[in-house]
Structure formats: structure tokens, C-alpha cells
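1. what shape does this take:
(2 chains)
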There are 2 protein chains.
Amino acid sequence: MSSLRDAETFPAHTPAASQIFTTVLCHGPITRLEVARRAGLSPAAVTKAVRPLIEAGYLVEEAEEQTRPALGRPANPVRVDGSRALFVGVKVTGDEIIAVLTNLCCRIRAARHAPLPGREAEDVLARVADLVAELRTEAEKSGTPVLGLGVAVSGDVDRAAGVVRWSPFLEWRDIPLAGLLQKATGLPVTVDNDVRALTVAEQWFGAGVGLSDFAVVTVGAGIGCGLVVHGRVVAGAHGVAGEIGHVTVDPAGPPCHCGNRGCVEAIAGDAAILRRIRDTTGAEVAGVPEAVALAHAGDPVARDTYARAGEAIGRGIATVANLLGPERVIISGEGLAAYDLFAEQIRDAFAAAAFGSAARCDVKTRPLPFEEWARGAAATAIQSFIRADDQPPSR
Amino acid sequence: MSSLRDAETFPAHTPAASQIFTTVLCHGPITRLEVARRAGLSPAAVTKAVRPLIEAGYLVEEAEEQTRPALGRPANPVRVDGSRALFVGVKVTGDEIIAVLTNLCCRIRAARHAPLPGREAEDVLARVADLVAELRTEAEKSGTPVLGLGVAVSGDVDRAAGVVRWSPFLEWRDIPLAGLLQKATGLPVTVDNDVRALTVAEQWFGAGVGLSDFAVVTVGAGIGCGLVVHGRVVAGAHGVAGEIGHVTVDPAGPPCHCGNRGCVEAIAGDAAILRRIRDTTGAEVAGVPEAVALAHAGDPVARDTYARAGEAIGRGIATVANLLGPERVIISGEGLAAYDLFAEQIRDAFAAAAFGSAARCDVKTRPLPFEEWARGAAATAIQSFIRADDQPPSR
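-> Predicted coordinates for the structure are as follows:
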């Protein structure tokens, strides 16, 4: 991967320099003094690290009225020049591939969708490579280089090794995705679990900025959870972490695909919701939009099903809060389309099951378009670009 | 607190030096080269930091046959001289105070027990001060200084502020324990939650050495959990973390003192076990030893009660594993006296509820005498002594 990077080497060669850049990226515009405070470094070290980053065009100095040149240290805030570099983020779902082109500040500049051409890794890879090529053509118009590719896949993904260990949606086992895509595109490639990728995006560019402990809970086909503890995303010693979907909320509940009963996902996942409405009413409910419409029309079974889903999610979130005591839980995912149908139940079940001051955790929702998942993948590529050694970010 | 410390200042004044000492403490005897590798520092930095620590008697050089003085860098392993300093650790339970005198390597040198003189903070403090004085008299015999006091209390404890925010067992609210005991004893005082203190002892001196992610689950009057994530003990943004006892395993289960139903503690805590055996059999079961005896004698209700307790604990541990993916879970606590009555159920329930490779987590038991809790408190005092700034330990 290093040979690929030589094309455009990021001029921050130490963990401290990466940390300084990350601090500006997450918190900028920001003064050097404030960067030093947040990163726990000396102002002199920050001033020294900032210089080559400004020279290479990654940072720019903000003009400010009250500059104090007499003090010898530049007082102007600095910020990242988002237009300095572009990245591609790709999310592979069970039926679609979504690719976005983002700038260095993870702002989406262009997006492409393509149907999934079956589940064979080879076919999927070819389609991903096509989308990446399209977005690079787009990027060429601006003359800005594309410096990395991030790919997000649900399931057990080993980011360090670049391998998808097991993705149930795609039925992939041990696919060395990073290496294959690197060969196909010539770009440095980062692969990560989709929920963790989304969590990186929230940590660096979203509702998690500045928090050392928070959780992202995604609601939709599956119920997922990304955890940030002590300022770093939790990956799990064996590749599994954040499986809030398989927290048992009712041992007498419906069976789950994992082999247990009454998991959060077996009550609140899309398939579980559809199954319960179909089985109880006998009605043919084609998909989630129909189920939501039914509930909005007042159908008592559909309404009750969403209420139970909300209760299960609220209990799952309380379990996370009771074990980890995060500052904030961000609820997101395509399932938020039905949020009005279960928001109250999530809140009530969380409040009832949170232990003591764990209830003070700030539970908020953040509706996101599906492209946000691909943006998460781009965030992991930006992260890899900035710090090849995967240092924890500044807090 | 710094004025107290001036009596004996630890000669490691930078986070790096503290980290080097901690690495030797946890892994020694160890060569300087291996310390450098584990701490991510240069061998030169380690050699430089080790010198004053040897001079002050905190580290000693191990004689080794194959020394290679020609290389210029001392090749002999170094280790901590445990006898260099002593610490006192105190655990306050609902009916007893336990105090231990440990050396710098957290080996217990003497122990004292005293009944709790009521729950008034003033009375408890006086009794703690008495025990500390007794142990210091003991320490004087060896001529070794006592350099710190650690106190462990169950409940919501703010270590940084030195305050017991809320301890249900003692019915204490907002007691500034560290300041009061510092005044009474003249020692630097660290107060922490008891389960977190035990977790520190496991991390530095026990089954957690060298692991960046593990959990300690304590079984007894309460069901507690200490979590180490990314090499640091999780404290929770609002003071609550590790509340495995209040993970719901059965919403239709027995009521819990927290206001919910079917929490792990409401099924597997001592009081819950006794209550179920009494209510179901009508027998007068005076305490845990009688309940265990009944089960060992083959009483079906007692046996079934312990089996259910094991299942609840196993599910709770699986929840921790599914969310955090620790390398190891260490089950401990006085409840292990009944371990043969529920070990199989813990194992089976864990295996059934662990998701995918989370099941690869190493679940082990570690029976510990009650004094181990006090030893945990001493470990927090040693930790505070080594690094006044509470840096994360080396991994």
C-alpha cells in the first residue's frame, strides 16, 4: 500500500502531526493554541507541525481581524482545505452499491448508485471498480486527485487485514477485498464494517465530534451499533463488537436468525416487523413502506408492532448505557423513516431500563440518507490517509 | 495531595517514565528492549528513564549469566523491588471493613478485619483510620514507608473528585471520602468503585495483564462488571458503567430493586437466590451457606435456583461479549463458592447467546478471597502513586 501512497504522500509523518491535523479537521477553524490544548501538545510543536501542512495546501490560514503578530506566534485560526483532495466511499448493501465522491472534509461532491449484480465477489468487485472509475472521471473535472477508497460492508470485517471475514447479506467468507480492489483501482483501499464506518464519520465529522464515549445505533434491515470508548472505535478482540441487534430483550420472544429468541433484531429489524404484521393480520405487506403506511393509517397490529420494536430498541440502548455509560447515543439508519411510530417507546423503555445516572445519556436521532453509509466508508479512507498507523484521534 | 507526596516523590516525572515503570511492574523481570517494544518508546528513552528508578531503589537489575556489556546497553532484565514501598487498601462492605497492607507489587503482607460500626460516614471513617494506623504500625517493623491508601466502595464513585456519589449498601450520598481520610491519615488517598478497583488489580497484577480488552464479572451480593477497553478501565461519562447486574434477561422475571424486572441481579444476586428458595420451599434458609448446602444435598428447588442464576449470568456475559468483544472475561467474587452449582449453566447460556466469533472470548473463573477486594483498593493507590496524572497504562 505504501508504494501506492508515494503518488501523494501526506506530509504528517509522526503520530503527533496526524493528531494535530485530525484536530483541525474535526474542530477547525481553530487556533494553534486551542489545537495544542486539545491534543495535549506544546504550542511550539503545533506551530511546527502546521507549517508543512500549510505549505502542502492541506491547511489554510483564516484571515482574522485581530491578528497579533507582535506575539510571534500566528494567532489566526487554521482550517482544512477540503478541496485539497478527494476520496471515494462505497457501501455494498444486499441489493445495491452506493458510491460517493467526498472532499477531504468528507462533504459529498457526487454520488452513484448501481444495482448489485448478484452476490459473487468477482461481479460485485467489477461493479464497484466501474463506479469508482465514474467518480474519478468526475473528479478529474476539478483537477483534484482522488487519494483513497473506502468500502463498507455489513458483517465481520477485519480492517487491519483488509478482509471481509463473514458477511451474511452477501454470503461472503474471507474475501481479501482491500487487496483485490487495490489491484483493480490502483488506490489505497480501506475496508471496514458498515456501522463502524458510519461511526467514524460521526466521530470525525458528525454528532460525535469532541466526545470520547458515544454510540451510534442504526435501525433498519438489521439493528447495529458502533461504539466509541476512550476516543476510539471498538472493534472487538475477535472481530465482533456492537452487536446490539443480538442483545436478548425477551427470551420468550420470536426466533432470531442467530439461533436465539427475542433478540432486538428479531423484534425490531425490518424483516421481523414485516413478518409479525403479515402473520398477525394475514395481509400481504410487500415491504417497509407498506408497513409504515398501514401503521400511519391506524392499523392496530401495525402500530403495536412498531411500538414493540421501539421498546426493544430502547431496552437495547439502555443495555449499552448501563454497560458503557456513553455521553451520547445517536440513533440513525433508514428505519428512522418510521421514527414517529416508535420514538416514544424507545424513550420510555430507555428511561425505564437505564440504571441510575446512565439515564443522563443524551439519546438523539439523526436521520440520514442512504448515501451517508457510503460517506462513512469515505471517512475511513480519509482516516487511513491521515494516519497510516491508525493512531487514536485526539479528544 | 501533592504536599503529602513530597514526603516521598516517585522519580518518574513524565507520562513516558510512568509508563515504563508500569510496564516493568506488570511484565517484569523484563529487558529494557522488551519494555521499549511494549511501550512503543525508543530503547534509549527506556535506558534513560530506568536509571533514576534504579538509583531510587524502585527497580533492581536481575543478575543474568549471559550479560553482553560489549553492546553498550545493559541487557540484564529489570524488575520492580516490591519491598521498596508499602500501600494500604481498604474495602468497605455492608457489614465489614477489610484492610490489607501490600507491597509495591500488590502482594498482601498483612490484613485486618473489623465489623462495620453502623453506616454513619463519620463512624466508618474513624474505624478505617484505626485499621490504617494498625497496619502502619505493622509496616514500621519492616522500616518500609507506607506511601498511599486506596479505598473501594460499591456504588457510584467519582475517583477524580475523591467523592462517593451514591453507595446503596452504605446509604451514602456525596461523601468526600478521599479528602476526609487524607486529613485523618496524612496519606494520599484514592477512592474508587470496588469492582473497578478489582479490575485495576487484574489489569496490573492478575489475569488481565497484557490484555487491552477484558472484563471482570463479580458474582455475590451484587452482580458487577469491570470493563477494560483500549487498555483503560471504563468509568462511564456519568459515573455509571459495567452494570451487568441490571441487564434485563427476562422482562417477565422477578422484580429488581432498580425498579425493573428480570435483571441479572434480580435472578442471580445472593438476595434473589435466597428469596426464591424461601418463597418456593417455605424453608427458613438463613444465608448463602445454607442455600449452597441445600443445593449440594440435592434439593431440587435450590439446584434449579442456582441453575437459573447461572443462565442469567451467562446471558449477561454474552451481552458484554456481543457489545465489546473482549479477549477474556474473568468471573470472580464470593459467589464463586457455589460455582459448581452453576458453572455449566453459565457456560451453556454464554455459548448460546454469544454472537458469531464473540463466542471465542476466553471465559475463565478466578476464585478470590474477600481480601482480594481490599487488594484491589491497594492497586488503585499504587496506580495513583505511579502516575499522578492518571495516564492510560502501557499495553
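
2. pretty sure A:V164 contacts A:A152?
-> No. Contact status for A:V164 versus A:A152: not in contact, 10.5 Å apart, counting by CB atoms under 8 Å. From N, CA and C alone the C-beta is placed, and that goes for glycine too.

3. of those two, give the one with the bigger neighbour count.
-> Higher neighbour count among A:V164 and A:A152: A:A152, with 30 against 26, using other CB atoms under 10 Å in any protein chain shown.

4. could you look up the SS state of the more buried one?
-> Of the three states, A:A152 takes strand under DSSP: H, G, I helix; E, B strand; the rest coil.

5. contact partners for A:G206?
-> When contacts are counted by CB atoms under 8 Å, 6 or more residues apart in numbering or on different chains, A:G206 is found next to A:330, A:366.

6. just give the closest residue to A:D213, not the sequence neighbours.
-> For A:D213, ignoring the flanking residues on the chain, the nearest one in space by CB to CB, 6 or more residues apart in numbering or on different chains is A:P326 at 4.6 Å.

7. so that neighbour sits against B:V234, correct?
-> No. If you go by CB under 8 Å, A:P326 and B:V234 don't touch, sitting 9.9 Å apart.

8. picking up where we left off before, and the residue nearest to A:D213, that's in a strand?
-> No. Secondary structure assignment (three-state DSSP) places A:P326 in coil, not in a strand.

9. ok so, going back, looking at A:P326 and B:V234, which is more packed in?
-> Legend: neighbour count by other CB under 10 Å for A:P326 and B:V234, higher for A:P326 (29 against 24).

10. residues in the stretch 251-395 of chain A within reach of chain B, list them.
-> With CB under 8 Å from any CB of the partner chain as the criterion, the stretch 251-395 of chain A meets chain B at residues A:251-252, A:258-260, A:315, A:319-327, A:352-353, A:355-358, A:360-361, A:392.

11. take those residues and keep only those in helices.
-> Secondary structure assignment by DSSP state H places A:315, A:319-324, A:352-353 of those in helices.

12. buried residues in stretch A:166-175?
-> If you call a residue buried by 16 or more other CB atoms under 10 Å in any protein chain shown, then stretch A:166-175 has these buried ones: A:166-167, A:169-170, A:172, A:175.

13. and which of those residues is nearest chain B?
-> Checking these against chain B with CB to the nearest CB, the nearest one is A:W166 at 7.0 Å.

14. what residues does the closest one make contact with?
-> Taking CB under 8 Å, 6+ apart as the definition of contact, the neighbours of A:W166 are A:155-156, A:172-174, B:356.

15. give me that answer again for 7 Å
-> A:W166 makes contacts with A:155-156, A:173, as judged by CB atoms under 7 Å, 6 or more residues apart in numbering or on different chains.

16. cool, and A:L25?
-> A:80, A:105, A:204.

17. measure it to B:P77 for me?
-> Distance, A:L25 to B:P77, using CB to CB, to the nearest Å: 43 Å.

18. residues touching the host helix or strand of A:A381, excluding its own?
-> Counting by DSSP states H and E, the element that carries A:A381 is helix A:371-386. Where contact means CB under 7 Å, 6+ apart, the residues beyond helix A:371-386 that reach it are A:10, A:12, A:18, A:21-22, A:87-91, A:98-100, A:102, A:104, A:106, A:108, A:111, A:147-152, A:188, A:190, A:192, A:194, A:197-198, A:200-201, A:204-205.

19. any weak-confidence spans in chain A?
-> For chain A, the stretches flagged by pLDDT under 70 are A:1-7, A:64-74, A:388-395.

20. domains in it, as residue ranges please.
-> A:2-80, A:84-201+A:373-386, A:209-365 (automatic domain parsing).

21. if we can go back for a sec, so which of the contacts of A:W166 sit within strands?
-> Per DSSP state E, strands hold the following members of the contacts of A:W166: A:156, A:173.

22. re earlier: got JSON lines for the domains of chain A, with distance to B:P369 too?
-> What follows is these, written out as JSON lines (distance: least, CB to CB, whole Å):
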{"stretch": "domain A:2-80", "distance to B:P369": "40"}
{"stretch": "domain A:84-201+A:373-386", "distance to B:P369": "40"}
{"stretch": "domain A:209-365", "distance to B:P369": "27"}
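
23. for A:A359, give me its contacts.
-> By CB under 7 Å, 6+ apart, the contact list for A:A359 reads A:A351.

24. for the host helix or strand of A:A45, give me every contacting residue.
-> Element membership of A:A45, judged by DSSP H and E, is helix A:43-55. With CB under 7 Å, 6+ apart as the contact definition, helix A:43-55 has outside contacts at A:11-12, A:16-17, A:20-21, A:32-33, A:35-36, A:59-61, A:73, A:78.

25. just the CA atoms of it, as CSV, please.
-> Once non-C-alpha atoms are left out, helix A:43-55 reads as follows in CSV (Å, rounded to 0.1, in the frame of the first residue of the first chain):
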residue,chain,number,x,y,z
PRO,A,43,2.0,25.2,21.1
ALA,A,44,5.5,25.1,19.6
ALA,A,45,5.0,21.6,18.4
VAL,A,46,1.7,22.6,16.8
THR,A,47,3.2,25.6,15.1
LYS,A,48,6.0,23.4,13.8
ALA,A,49,3.6,20.7,12.5
VAL,A,50,1.2,23.1,10.9
ARG,A,51,3.8,24.8,8.7
PRO,A,52,4.4,21.9,6.2
LEU,A,53,0.7,21.2,6.2
ILE,A,54,0.0,24.8,5.1
GLU,A,55,2.9,24.6,2.5
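
26. packing partners of the following helix or strand past it?
-> The first helix or strand that comes after helix A:43-55 along the chain, using DSSP H and E, is strand A:59-61. Packed against strand A:59-61, as judged by 3 or more CB pairs under 7 Å, 6 or more residues apart in numbering or on different chains; DSSP states H and E, are the following elements: helix A:43-55, strand A:78-80.

27. want to try CSV for those, with mean neighbour count as columns?
-> Formatted as CSV, these follow (neighbours: other CB atoms under 10 Å in any protein chain shown):
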stretch, mean neighbour count
helix A:43-55, 17
strand A:78-80, 20
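
28. many thanks, we can stop here.
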